[in-house]
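1. Generate a structure from the sequence data that follows.
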Amino acid sequence: MKEKKSEETVEQEEFNKSESGVQFTDIMKTQKGESIEQEISNNLDTGISFKEIIKDEKKTIKRADDNEKIKQYEQIYDSLYEFTKGFVAYLKMGKKPQLSEAFRLIEYIVDNSESLDILYRKAIYTKTADAHISNIVNVIIYALEIGEGLKFKRQQLIELGVASLLHDIGMFRIPDNILNKTDKLTNEEFSLIKSHPSLGHEILLKLYPEYPWMAEVALQEHEKENGQGYPNGLKGNAINIYAKIVGIADIFESLTHHRPQRKRFLPNDAVKIIISKERETFPREVIKAMLTKLSVFPLYSYVRLNSKAVGMVIEVDEPSPLRPTIKILYDDKGRKVMGEKIIILKDTPLLYIIDSVDEEDLPK
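-> Got it, this is the predicted structure:
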């Protein structure tokens, strides 16, 4: 007779899957030759169709067309990273970091919203020395993108960005040997990890009582729409909307970056996993905003077409995120294409993207 698994054991197994490397092979299996658009549509057949998600979006086209501005915005990522590293170092020393610089950085991003396209690509593809710090920075960027998709006002976006910076503050009370452990966590270690929302809430209420929403987001980030989250099993409207956004952004960040026991998923695969595994745990409008704003194929990312040619995404049409405009870089034999060859996929029905390509996997 099979021994029944305890609720804690089942929950820990789910945590280990997302954090340390079980390949989601059951999710990723698809019919041979099926396009990414078909796969995502199929994953949404239990209540949210892809066309329904994007049909009412205002037509928005993003282009890659200003190299100087691109470089300027890329430096924002480095500034955020260095600031966050210093911020965390202060906390670990028992000091109270000032939030004025955090607000200034977030305000700059919000007031230059086109910078998010550049920051998004940096967040997806940049490798840093400290994964815990880059996780925080990347979640800020993904959360702001989703907030824009939800049509948040300026002040809401600023609050969301600062809350994202502080969402995992409780983790820095957890010993490094547990945070960096590559083996399966013991029940005691897992319970300690799960205490970080409460720890973060306690820290933020003490340090910044004038910003109660920060502490609330840290406490509720792991709550789920269906009540199956922690620490308090909250449901629906009882969960702060910022916490819901940070929660889904944190999952996307985890999936799109390396973990000790698995390689990272490319953005299109991460989106499929979230749709398959999390559609009951986040509200429809947040999932919709994630799909439209965390583009399946980010601006400046590399993709492979069904023709086997490889190109760079140079234009994204938000109502049709699966059919961007591509600049072909390599032909079907892997040879560098001379001159400029542009393909507008939404006007070319016989061609479609079959996969994302990591920069390090481009033909040499």
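
2. Output the lowest mean pLDDT helix or strand found in this protein.
-> For the chain, using mean pLDDT, DSSP states H and E, the weakest element among its helices and strands is helix 25-28, scoring a mean of 32.

3. dump the residue contacts of Met214.
-> Neighbour list for Met214: 162-163, 166, 204, 208 [criterion: Cβ atoms under 8 Å, 6 or more residues apart in numbering]. All C-beta spots, glycine's among them, are computed from the backbone N, C-alpha and C.

4. Weed out the non-buried ones from these.
-> With burial judged by 16 or more other Cβ atoms under 10 Å, the buried subset of the contacts of Met214 is 162-163, 166, 204, 208.

5. Can you lay out those residues as a markdown table showing distance to Leu322 and pLDDT?
-> Listed next are the buried ones among the contacts of Met214 as a markdown table, based on distance: Cβ to Cβ, whole Å; pLDDT from 0 to 100:
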| residue | distance to Leu322 | pLDDT |
| --- | --- | --- |
| Val162 | 33 | 97 |
| Ala163 | 31 | 97 |
| Leu166 | 34 | 95 |
| Leu204 | 39 | 95 |
| Tyr208 | 41 | 96 |
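
6. Looking at these, spot the one nearest Lys224.
-> Ala163 (18.0 Å; Cβ to Cβ).

7. quick one, helices of the stretch 101-250 of the chain?
-> For the stretch 101-250 of the chain, applying DSSP state H, counting those that start in this stretch gives helices covering 115-125, 131-149, 154-165, 176-179, 187-194, 196-207, 212-220, 241-255.

8. What is the neighbour count of the closest residue to Ala249 other than its chain neighbours?
-> Using Cβ to Cβ, 6 or more residues apart in numbering and skipping residues adjacent in sequence, the residue nearest Ala249 is Tyr142, 3.8 Å away. For Tyr142, the count of nearby residues is 28 (other Cβ atoms under 10 Å).

9. Return the longest helix in the protein, judged by number of residues.
-> Taking DSSP state H as the criterion, the chain has its longest helix at helix 67-92.

10. What average pLDDT does it get?
-> Averaging pLDDT along helix 67-92 yields 86.

11. the inter-axis angle of that helix versus helix 196-207?
-> Orientation note: helix 67-92 sits at an angle of 90 degrees relative to helix 196-207 (axes from the mean of the first three to the mean of the last three Cα atoms, to 10 degrees).
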